[in-house]
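Undergrad: need a 3D model of the following:
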Amino acid sequence: MDHEPDPICVEVAYATADEQIILSMQARSGITVAEAIRRSGIQQRFPEIDLARQKVGIFSRPAELTQRLRHKDRVEIYRPLLADPKEMRRRRAARTGAAGRASSARR
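TA: Model (predicted):
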């Protein structure tokens, strides 16, 4: 007698600057991150998703596309950063430092 494992519930999430979507679905036990993304249909809605370049995670923790999902996992597809965070902090510090020096020179 073949016993099929109980299905699991998982979510696939993606956000753009304008919208966030979380798709819920039932899947077979043992489904991978990549399979869940493909089956969710999210790439048809957001064709810019490129899993060869974009990172993925499960509840904000980095994950591999081959990782198996558990019941109630949420797969997150992360957009690429538009700017290097270190460079942005450096620029902000330079602006703040220059403004601070200018205001102290006026005293």
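
Undergrad: if I look at Q54, how far off is R90?
TA: The spacing between Q54 and R90, counted by CB to CB, to the nearest Å, is 25 Å. Glycine gets a C-beta too; all of them are placed from N, C-alpha and C.

Undergrad: correction: Q67
TA: 35 Å.

Undergrad: do the same with R68
TA: Taking CB to CB, one finds R68 at 40 Å from R90.

Undergrad: neighbour-wise, which of the two wins?
TA: R68 (14 against 11; other CB atoms under 10 Å).

Undergrad: so the more buried one sits against T32, correct?
TA: Yes. With contact defined as CB atoms under 8 Å, R68 reaches T32; the gap is 5.8 Å.

Undergrad: list residues touching both of those two?
TA: Common neighbours of R68 and T32, using CB atoms under 8 Å, 6 or more residues apart in numbering, do not exist here.

Undergrad: which stretches of this structure form strands?
TA: Under the criterion DSSP state E, the chain contains strands at 8-15, 20-27, 56-58, 61-63, 74-77.

Undergrad: which stretch among those comes nearest K86?
TA: strand 61-63 (19.0 Å; CB to CB).

Undergrad: need the contact partners of the closest one.
TA: 33, 55-57, 75.

Undergrad: switch those residues over to a markdown table; also include neighbour count, distance to I8 and pLDDT.
TA: Below are the contacts of strand 61-63 laid out as a markdown table (neighbours: other CB atoms under 10 Å; distance: CB to CB, whole Å; pLDDT from 0 to 100):
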| residue | neighbour count | distance to I8 | pLDDT |
| --- | --- | --- | --- |
| V33 | 24 | 13 | 98 |
| K55 | 14 | 23 | 96 |
| V56 | 21 | 18 | 98 |
| G57 | 17 | 18 | 98 |
| V75 | 27 | 12 | 98 |
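
Undergrad: and of those residues, the nearest to I21?
TA: V75 (12.2 Å).

Undergrad: now that closest one, nearest residue through space, not along the chain?
TA: Among residues not flanking V75 along the chain, V12 sits closest, at 4.8 Å (CB to CB, 6 or more residues apart in numbering).

Undergrad: good, wrapping up.
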